[in-house]
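K.L.:
predicted structure and sequence below. I'll ask about it afterward.
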Amino acid sequence: MSDTPILEVKDLSVEFFVDGEWIAAAQGVNYTVNRGEVLAIVGESGSGKTQTSMSLLGLLPSNGRATGSALLDGKELIGLTGAPMRKIRGKEIAVIFQEPMTALNPVYTIGFQIVETLRSHFDLTPQAAKARAIELLTMVEIPDPARRFNSFPHQLSGGQRQRAMIAQALACEPKLLIADEPTTALDVTVQAEILKLMRDLRTRIDCGIVLITHDMGVVADMADRMIVMKDGQVVEHGGTVEVFAAPADPYTQRLLSAVPYFGNPNNDYEMPLVDLEAPAVVVAKDLVLKYPKRGKQPEFTAVDGVSFEISAGEVLGLVGESGSGKTTIGRSLVGLQPVSGGSLTVGGIEMRGAKTRTLKPLREKVGFVFQDPGSSLNPRLPIGESIGEPLYLHQKLRGKELSTRVEKLLDDVQLARGFRNRYPHELSGGQRQRVGIARALALEPDLLIADEPTSALDVSVQEKVLGLFHELQKLHGFACLFISHDLGVVEQLTQRIAVMHLGRLVEIGPRDQVAHDPQDPYTKRLVAAVPVPDPVEQRWRREERDRLIEQEGVS
Amino acid sequence: MTNDLHPVDRPADHLENAIELKEVMGLSQGQIVRRRFLHHRGAIVGLIVLALVILLAYSSVGFSFLGLDVPGWWRWTITDLPDIVNSGDPSTVGGVIPWGIHPFGQDDVGHDVFAMVMKGTQTSIMVMIVVGVVAMVIGIVVGAISGYYRGWTDQALMRITDLFLTFPVIVVGAVLGKRFNEAPPWILAVVLGAILWMTLARLVRGEFLALREREFVDAARVSGARPARIIFKHILPNAMGVIIVQTTLLMSSAVLLETALSFLGFGINPPNVSLGWLVSNYQSAFSARPWLFWWPGLIIIILALCINFIGDGLRDAFDPRQKKVPSAKAMAKADSNAAAQTTPMFQRIVGFGRSKRGSSK
């Protein structure tokens, strides 16, 4: 690691022109990146972390501008346009984007896209470029690279796509690599693999990496130094180990304490005792859920032979990676997904072959909190109307009565009563999700299904929503199925955890047992892949994980 | 985390999307669309010109509505046959005063062309609106039902739509127009509407297919809403953008279609007057009295252009991703304004976040 900085950012500001005024998205940002070093820029949405990095490449939207200075190896980047800027993009600075499916062009093979990058910067023959591209694909550990060269993005898995994009980014041996949330769209086990790859690569290629992320676990795993941004300003700057050990700024302290620490749950949330004698609210026995054949797509079994029970007042966490069938189970509990086999009773109603009329009483007993608060509220309805809809339909409340109840619900989720006349687009993500919870609780249900209720939220907002959720659960005593891909979040709130893998329930048990002493090999891998927000502990966990994978590979 | 469950107004709540929200703070969805529309110069000019044309057409020669005759301020009506003055030349042409006794001239028997053109404009506007409404209603119903229910309902309705799409509109319009030749013009308009709804139905269906997968529709279903309520209360308002835009475009093409049919002699015929009929009636006099042709042609162009500009403005207003690229002048102005201010801009705008932090220190 040499000490000459490869990138020197001085007093960088980014502004946007909105409504006749310049509004600062970031102000006076200073940092340096050295060769072979990983600098993490951490912050919540709207903190300006992505815009400051995109301004280095001149990739701001048309109403944005950057001022200040950014020197790449002594060359000024701010204000550079046209051909000189194009020479830098891809060659000197490369970017790994968040979502590989949208960042790769779906109509070209990944090989073509890597060759294109190579040939636009170097004078290479097609054969030489292809050879180099295959070399790159080998470097990022894509299996069978010569064949994968001709694969289209949709033919690869999410992790392989992200590997292909890393190969493309590294094609011209850039001096600086900007990784914008490189693992946010991936499952934890895949995330762990990609992070491992990036760690291996940085020792081999001699470039500086700027890692933009909101995930403290990823920072702890990867970064040498970190800066914390809030509202467009750098509030903390230092070595990763030091910042995690002793954060100086109050915002950093708050941020770190808000991150769920897997294996070490926040004990503020004491779990209410579950009355095991009480009749179960949900009984699933050999449950099978299928998506019917549509056109040329064959029938797909999303959930195969799953059995579990949820007692009254119990919070059951359901974890699994994308495609494991966990959301499908949640949808079947409210009748949004028909039951194809086995049996499922919710609140005493058999869901198999249920008709619209038989489901009517169920609607009053079950509430549903959706994943994306932006999409689950009708953009054309004021939120008071959205919250009041179940009351309007079931209890036939009108006028004054209805508005009193809506106000009561807004109080419950700690939103000002004036919010009832606002529209969803005027609210922040956390406020929208509180509205979603208020709607789900409107009829005082016995069972609440929360489908990834916090995965679209920032950590500090997530902490508030989880806290609110816990309060409400204690107050109303509803049973809950808490679906999430984030083991850290599930561990905070639940008494028991169920783990899904490829449509099957591989493990179900008390929280601490699943978290600390998993039995199933898949659960073991899943638990080992969760990064924790502590660089020292995370290094230890990483070595443990490598050992585990080696063992499995041998056995 | 406060543990009491009492109402708290939290203005200091961290708004992560503060910058995007600034432009739409405190506005309903409809207000945002209206504001964007009013900022669209072309659309506003189109709207004003269209309003003036409508006002002129209806006030000048008067109209009858539900048996009620409203006289106009113009001195001639379409049935008057005054003496031919100045060999029928328009009195505006070459005259000093821009308005004369026959501003648009006279035809060979002496009819005042201004009165005729105004009456024809009334017909065209009426046809435009009736076609728009009829096609919109059929299109929404067919599109909404097939998009929401999918399955065999969708199949059946879409095959019917395909069938209608195979009809050559001009030919069908001509045949039906001939059949309803003597009837009042609104009947032709209804007939035209009934064969012009297919594009709209397709678009509405597509929109419904996309919207029904959104989570707020699931949320309504979980709340126990019936299909009718989901369709009309939840999905339709969200599809309104597409519908309004497509309908305006349809209306401008309806004006042209009616003109074409009447020109061919299949649309509106005497005693009713339409712009197309006027054009066809005077085509023989093209070399001798070209003005007979120019005036109705001009009005047709104005009508179609205005409607298209309005449609364009609406399309932009309903597109949430549409961002106007700021002009260099506006940016420079904002700069000099900011320089004049003593407070740094950042504090004023993102101030709520910072002042909170500042006060805690």
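P.N.:
Everything's here; your move.

K.L.:
only C-alpha atoms from now on, for both contacts and neighbour counts.
P.N.:
OK.

K.L.:
what's the local residue count around the residue nearest to residue A:378 when sequence neighbours are not counted?
P.N.:
In this structure, residue A:378 finds its nearest non-sequential neighbour in residue B:216, 5.4 Å apart by CA to CA, 6 or more residues apart in numbering or on different chains. By the measure other CA atoms under 10 Å in any protein chain shown, the count of residues near residue B:216 is 25.

K.L.:
list the contacts of the host helix or strand of residue B:216.
P.N.:
Using DSSP states H and E, residue B:216 maps to helix B:215-222. By CA atoms under 8 Å, 6 or more residues apart in numbering or on different chains, the surrounding residues in contact with helix B:215-222 are A:334, A:336, A:363, A:367-368, A:370, A:372, A:375-378, A:389, B:211-212, B:230, B:234-235.

K.L.:
quick one, longest helix in the chain?
P.N.:
Here I'm looking at chain A. Longest helix of chain A, by residue count under DSSP state H: helix A:535-554.

K.L.:
could you do chain B instead?
P.N.:
In chain B, with assignment by DSSP H, the single longest helix is helix B:113-149.

K.L.:
narrow the contacts of helix B:215-222 to those in helices?
P.N.:
Using DSSP H, the subset of the contacts of helix B:215-222 located in helices is A:363, A:389, B:211.

K.L.:
residue contacts, the last one?
P.N.:
Taking CA under 8 Å, 6+ apart, we find residue B:211 in contact with B:217, B:235, B:238.

K.L.:
repeat that for the first one.
P.N.:
Under the criterion of CA under 8 Å, 6+ apart, the contact partners of residue A:363 comprise A:334, B:222, B:223, B:224.

K.L.:
again, 7 Å this time
P.N.:
By CA atoms under 7 Å, 6 or more residues apart in numbering or on different chains, residue A:363 lies in contact with B:222, B:223, B:224.

K.L.:
kindly reformat those as CSV containing neighbour count, pLDDT and distance to residue B:206.
P.N.:
Shown next, in CSV, are these (neighbours: other CA atoms under 10 Å in any protein chain shown; pLDDT from 0 to 100; distance: CA to CA, whole Å):
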residue, neighbour count, pLDDT, distance to residue B:206
B:222, 23, 85, 23
B:223, 30, 84, 25
B:224, 22, 82, 25
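
K.L.:
surely residue A:63 meets residue A:20?
P.N.:
No. Taking contacts as CA atoms under 7 Å, residue A:63 lies outside contact range of residue A:20: 10.8 Å.

K.L.:
report how many residues lie close to the spatially closest residue to residue A:253 that is not a sequence neighbour.
P.N.:
Leaving aside its chain neighbours, residue A:253 sits nearest to residue A:247 (5.6 Å; criterion: CA to CA, 6+ apart). Neighbour count of residue A:247, defined by other CA under 10 Å: 19.

K.L.:
three-state assignment of residue A:247?
P.N.:
With DSSP: H, G, I helix; E, B strand; the rest coil as the basis, residue A:247 sits in coil.

K.L.:
pretty sure residue A:66 is in a strand, no?
P.N.:
Yes. Counting by three-state DSSP, residue A:66 is part of a strand.

K.L.:
who are the contact partners of it?
P.N.:
Residues counted as contacts of residue A:66 (CA under 7 Å, 6+ apart) are A:12, A:13, A:14, A:15, A:55, A:78.

K.L.:
so which of those are in helices?
P.N.:
The helices, defined by DSSP H, take in residue A:55 from the contacts of residue A:66.

K.L.:
how about the helix or strand where residue A:112 lies: buried residues?
P.N.:
Secondary structure from DSSP H and E places residue A:112 in helix A:110-121. Under the neighbour-count criterion of 16 or more other CA atoms under 10 Å in any protein chain shown, helix A:110-121 has A:110, A:111, A:112, A:113, A:114, A:115, A:116, A:117, A:118, A:119, A:121 buried.
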